[in-house]
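Colleague: Pasting a predicted model and its sequence here:
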Amino acid sequence: MIKDNQKAFNQLHIVADGIFILLSYWVAYLLRFVWLDMDKAGDYTVEVYGRFLLVVLPVYLIIYWFCGLYAPKRGRGMQWELWLLIKANVISGVGFIVLLFLFKMDISRWFLAFFYGTNLVLEGVFRFTVKKILEYFRRKGKNLKHVLIVGYSRAAEAYIDRILANPQWGYYIHGILDDKMAVGTRYKKVSVLGTMSELSEYLKEHEYDEIAITLAIEEYEKLEKLVSACEYSGVHTKFIPDYNHIVPTVPYIEDLEGLPVINIRKVPLSNLVNRAIKRTVDLLGALTALVVFSIPMLIVAIMIKATSKGPVIFSQVRVGLHNKEFKMYKFRSMVVQDAAKEVSAWTTKNDARVTGIGRIIRKTSIDELPQLINVLKGDMSLVGPRPERPKFVEKFKEEIPRYMIKHQVRPGITGWAQVNGYRGDTSIRKRIEHDVYYIENWTLGFDIKILFLTVFKGFINKNAY
């Protein structure tokens, strides 16, 4: 079974981490005192460093464990594991320095830097390699986690969709138990095997690694009985709620003397410190970008003025933070037209209103650069949900659940939806899903990641006409 394999795998992982810590320690010593032949003032003997290693090694491994580096990571991306690794090494490194200070140990700072860097690189390469090897074997049908689903619902379909789309996670779904659907009913490759009352019998006759309870929301009175049956058999159980469209991906839970209370929405940017950090980055980033792009913007302005009649900058009313309207600036990419016609619809493919230079700047997103002024004014942020025109806000808020959540933060020049391809004439529902995910999971690092992705894959917009 997988749980036995996981235990053995974790033990091997701990041994491997210990070896890499020892190797990094040795390489750092050689770099500092042998290969680079730096100043050797101080008590830099092998014995001194060897004694300190007796403390460093177990402390590092304990911190790795507390940081979740030995927890199962199926379904987690490599970025998540690298983040855990960096966090564990930062905590360990700080602890290392504190110990040196407390015990007044004379240890080379260069040695510490070499050790930290070498260990991070070796561990990162090792984990990346192991992850790729495991994903290869899982795609081949090895090292699979066997799952039974209980309850047919939207949550069940969403769960199956993700499992089938990611064979590298290594899940094999045997089927579904449900009281409403007839035996033999199939969703994609997964069939209904029987009813929920047969769960105990299935658990006795088969060895499952995991039970995924995906009840429809109107069947939640059955949940306690199903969980009891799973726990009686000792199988690992997961509950996938049918209200995932209501609660956030990472819900904020309060503990009221043992009573869990789930907050429906947690917006990190409602925190004053987070808002101040983001605003500071916006101001510095916008000023820097205006300096960097000043010459290209001047050239574009001259070309627009020289090739068509009308103003260089085009402003359009959009809805922003707290549903307040503001004027969003763009380089004009279309011929001057009646204001009433301009707000009536989106630009379409081969739209006759788009000028020659306009088609180029829209495709490359250069037309968005004047929005840096909006950022400085406080109407927008560098990163956030794209703002929409009032006419479409009124339309979408009636048609798309959670649409208005996007107005709880400043709109952005670029966003999580845009770097994932949802720009221009694409699914509004998918765009809102990505916007809500961004709002609920905001961090400064997330903003930096989006800006990085925008630079490398976000400027060319194949859906821009």
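Modeller: Great, that's in hand.
Colleague: Tell me the secondary structure at Gly68.
Modeller: Counting by DSSP: H, G, I helix; E, B strand; the rest coil, the backbone at Gly68 sits in coil.
Colleague: OK, contacts around the residue lying closest to it once chain neighbours are set aside?
Modeller: Excluding its sequence neighbours, the residue lying closest to Gly68 (CB to CB, 6 or more residues apart in numbering) is Leu84, at 5.6 Å. The C-beta positions use only the backbone N, C-alpha and C, and glycine is treated the same way. Neighbouring residues of Leu84 by CB atoms under 8 Å, 6 or more residues apart in numbering: 67-69.
Colleague: in whatever helix or strand Leu84 lives in, what counts as buried?
Modeller: Take DSSP states H and E as the rule and Leu84 turns out to sit in helix 78-102. Neighbour counts over helix 78-102 (16 or more other CB atoms under 10 Å) mark 81, 84-85, 88-89, 91-93, 95-96 as buried.
Colleague: Not counting sequence-adjacent ones, nearest residue to Gly356?
Modeller: Among residues not flanking Gly356 along the chain, Thr307 sits closest, at 6.4 Å (CB to CB, 6+ apart).
Colleague: Need the residues that contact stretch 216-231.
Modeller: With CB under 8 Å, 6+ apart as the criterion, stretch 216-231 contacts 150-155, 179-180, 196, 199-200, 203, 211, 213, 215, 237, 239, 241-243.
Colleague: ends of that stretch, how far apart?
Modeller: End-to-end distance for stretch 216-231: 21 Å, by CA to CA, to the nearest Å.
Colleague: now stretch 393-410
Modeller: First-to-last residue span, stretch 393-410, CA to CA: 15 Å.
Colleague: Tell me the gap between that stretch and the middle of its chain.
Modeller: 22 Å (CA atoms, centre = their mean, to the nearest Å).
Colleague: averaged over its residues, what pLDDT does it have?
Modeller: In this model, stretch 393-410 has an average pLDDT of 89.
Colleague: now do stretch 51-67
Modeller: What stretch 51-67 shows for mean pLDDT is 87.
Colleague: the longest helix in the protein is where?
Modeller: helix 109-139 (DSSP state H).
Colleague: Give me the packing partners of that one, helices and strands only.
Modeller: helix 2-30, helix 78-102 (3 or more CB pairs under 8 Å, 6 or more residues apart in numbering; DSSP states H and E).
Colleague: And the last one, how far out from the chain middle?
Modeller: Once both centres are worked out by CA atoms, centre = their mean, helix 78-102 turns out to sit 22 Å from its chain's centre.
Colleague: One more: the longest one?
Modeller: Between the mean C-alpha location of helix 2-30 and the chain-wide mean there is a distance of 27 Å, by CA atoms, centre = their mean.
Colleague: relative to helix 78-102, how tilted is that helix?
Modeller: Orientation check (axes from the mean of the first three to the mean of the last three CA atoms, to 10 degrees): helix 2-30 against helix 78-102 gives 50 degrees.
Colleague: Can you list the buried residues in helix 2-30?
Modeller: Buried-residue list, helix 2-30, by 16+ other CB under 10 Å: 2, 6, 9, 13, 17, 20-21, 24-25, 27-29.
Colleague: can you list the weak-confidence ranges in the stretch 151-300 of the chain?
Modeller: Applying pLDDT under 70 to the stretch 151-300 of the chain flags the ranges 244-245, 248-250.
Colleague: just the strands in the stretch 101-250 of the chain please.
Modeller: Residue ranges of the strands in the stretch 101-250 of the chain, as given by DSSP state E, counting those that start in this stretch, are 145-150, 171-177, 186-187, 190-194, 210-213, 236-239.
Colleague: can you redo these as CSV with mean neighbour count?
Modeller: Formatted as CSV, those follow (neighbours: other CB atoms under 10 Å):
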stretch, mean neighbour count
strand 145-150, 22
strand 171-177, 20
strand 186-187, 14
strand 190-194, 18
strand 210-213, 23
strand 236-239, 16
